[in-house]
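S.K.: Mind looking at a prediction? Sequence and model below.
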Amino acid sequence: MSKNPPSNSYKNKTYSADKWQERIAQIAYRFNQQYQNQTFELPDEVQAMPIFREWTTGLLSGRIVSPFWEIAQPQKNQHCLDIGCGVSFLIYPWRDWQTFFYGQEISNIARDTLNSRGSQLNSKLFKGVELGAAHHLNYPSEQFDLVIATGFSCYFPLEYWHLVLLEVKRVLKPGGHFVFDILNSEQPLAEDWAVLETYLGAEVFLETSSEWEKTIKASGAKIVKRQLGELFELYKVRF
């Protein structure tokens, strides 16, 4: 996707000394394995867990998906950024919403898959996926009406997520919304799911809702709405 940013744009940042790169690479590797249908070698005691069996059959993903559209449905002609998008343009009804879709991903497999197929589905709405982490968004300031980030916040400590919130604040238009989910540590599935994900290669951080809300407020965001699911809790915030 071609861009012609001004000389002092976001593209000129240097991240060579970024302390988060090792963790980001680890999580990207874990999801690349999944996207390529590679086998995960797990201990027998983990494979015996009910949550593992649900994961292998695909039943778990349906139970824990975060329906972001229920608290912030993308609107016609809005510009929306999906961070950690995976292959969401192929799954969710973006074409029905008539929303301009932009993505950013750390998995090169997901990025390549979506870039090769997204424009075939709808070349007008699909604006491409950038490869990159959530705390360094490859987009200009004040570009988006809505930013979404679901399914990955639990893989990072709150220190990292504070950076993400500030970066999202930068790319949102005034009055825009950010919708993301957190792993609710009080939900019955939380600890088993954290064990499973850790063995799959992505360590999970179990944080309380109160600590999350401190981090949200410290970024200057105001919580507009919350919605609790079976495992994750959705937040809609405005800066």
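M.R.: Arrived safely.
S.K.: Ignoring the adjacent residues along the chain, who's closest to residue 208?
M.R.: Spatially, and ignoring its direct neighbours in sequence, residue 208 is nearest to residue 185 (5.9 Å; Cβ to Cβ, 6 or more residues apart in numbering). All C-beta spots, glycine's among them, are computed from the backbone N, C-alpha and C.
S.K.: I'd say that neighbour and residue 206 touch.
M.R.: Yes - counting by Cβ atoms under 8 Å, residue 206 is a contact partner of residue 185 at 4.3 Å.
S.K.: Between the two, tell me which one has more neighbours.
M.R.: Taking neighbours as other Cβ atoms under 10 Å, residue 185 and residue 206 compare with residue 185 leading, 18 against 13.
S.K.: Please state the offset of the worst-scoring helix or strand of the chain on mean pLDDT from the chain centre?
M.R.: Ranked by mean pLDDT, DSSP states H and E, the helix or strand of the chain with the weakest confidence is helix 59-64, at a mean of 86. Helix 59-64 has its average C-alpha position 17 Å from the chain's average C-alpha position, going by Cα atoms, centre = their mean, to the nearest Å.
S.K.: what's the answer for stretch 113-131, then?
M.R.: Once both centres are worked out by Cα atoms, centre = their mean, stretch 113-131 turns out to sit 17 Å from its chain's centre.
S.K.: what's the first-to-last distance across that stretch?
M.R.: Between the opening and closing residues of stretch 113-131 lies a distance of 12 Å (Cα to Cα, to the nearest Å).
S.K.: Pull out the buried positions in it.
M.R.: Counting neighbours by 16 or more other Cβ atoms under 10 Å, one finds that the buried residues in stretch 113-131 are 113-115, 118, 125-131.
S.K.: Farthest pair within the residues you listed?
M.R.: 125 and 131 (20.3 Å; Cβ to Cβ).
S.K.: before we move on, back to that, of the buried residues of stretch 113-131, which is the nearest to residue 72?
M.R.: Out of the buried residues of stretch 113-131, the one with the shortest distance to residue 72 is residue 125. That distance is 17.5 Å, counting by Cβ to Cβ.
S.K.: Can you check the pLDDT for that closest one?
M.R.: For residue 125, the model assigns a pLDDT of 97.
S.K.: buried set for the top strand by length along the chain?
M.R.: With residue count as the measure and DSSP state E as the assignment, the chain has strand 172-183 as its longest strand. Buried positions in strand 172-183, judged by neighbour count with 16+ other Cβ under 10 Å: 172, 176-183.
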